[in-house]
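Trainee: What would the 3D arrangement of this be:
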Amino acid sequence: MCLWKGIITLSFLHHEQESSLSLYLSIAAVTIVAVTTIIIIIIIIIIIMIRLHQSRYTTLALSPRSRVIISLMQCIA
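Mentor: Got it, this is the predicted structure:
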């Protein structure tokens, strides 16, 4: 939030020297970076949740020998 305020404030301070197009481009760039960061974080959280979910059920349902084979396969992959 602080980053947004800083960039918008700087853009308005230099508004006399810059065109309104560059103001919109800087706001668009900040928006794209923020949205991309949020999407990447959500994808990482989903991947972690899927892996935890899979490991919980595979280790509970399988024999010790099967667990060793699966853990070796996961290390290779």
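Trainee: So what's the residue count around Ser26?
Mentor: Close neighbours of Ser26, defined as other Cβ atoms under 10 Å, add up to 16. Placement of C-beta: from N, CA and C, glycine included.
Trainee: Please apply the same query to Leu25.
Mentor: Neighbours of Leu25 using other Cβ under 10 Å come to 13.
Trainee: Please, where are all the strands along the protein?
Mentor: Per DSSP state E, the chain carries no strands over any range.
Trainee: in it, what secondary structure element scores lowest on mean pLDDT?
Mentor: helix 2-13 (a mean of 57; mean pLDDT, DSSP states H and E).
Trainee: tell me, which helix in this protein spans the most residues?
Mentor: In the chain, with assignment by DSSP state H, the single longest helix is helix 20-61.
Trainee: Give the other helices and strands that that one contacts.
Mentor: Counting contacts by 3 or more Cβ pairs under 8 Å, 6 or more residues apart in numbering; DSSP states H and E, helix 20-61 packs against helix 2-13, helix 64-76.
Trainee: Would you check how far apart Ser20 and Ile47 are?
Mentor: Using Cβ to Cβ, to the nearest Å, Ser20 is found at 41 Å from Ile47.
Trainee: Tell me the confidence at Ile44?
Mentor: With respect to pLDDT, Ile44 scores 91.
Trainee: Could you measure from it over to Ile50?
Mentor: Counting by Cβ to Cβ - Ile44 and Ile50 are separated by 11 Å.
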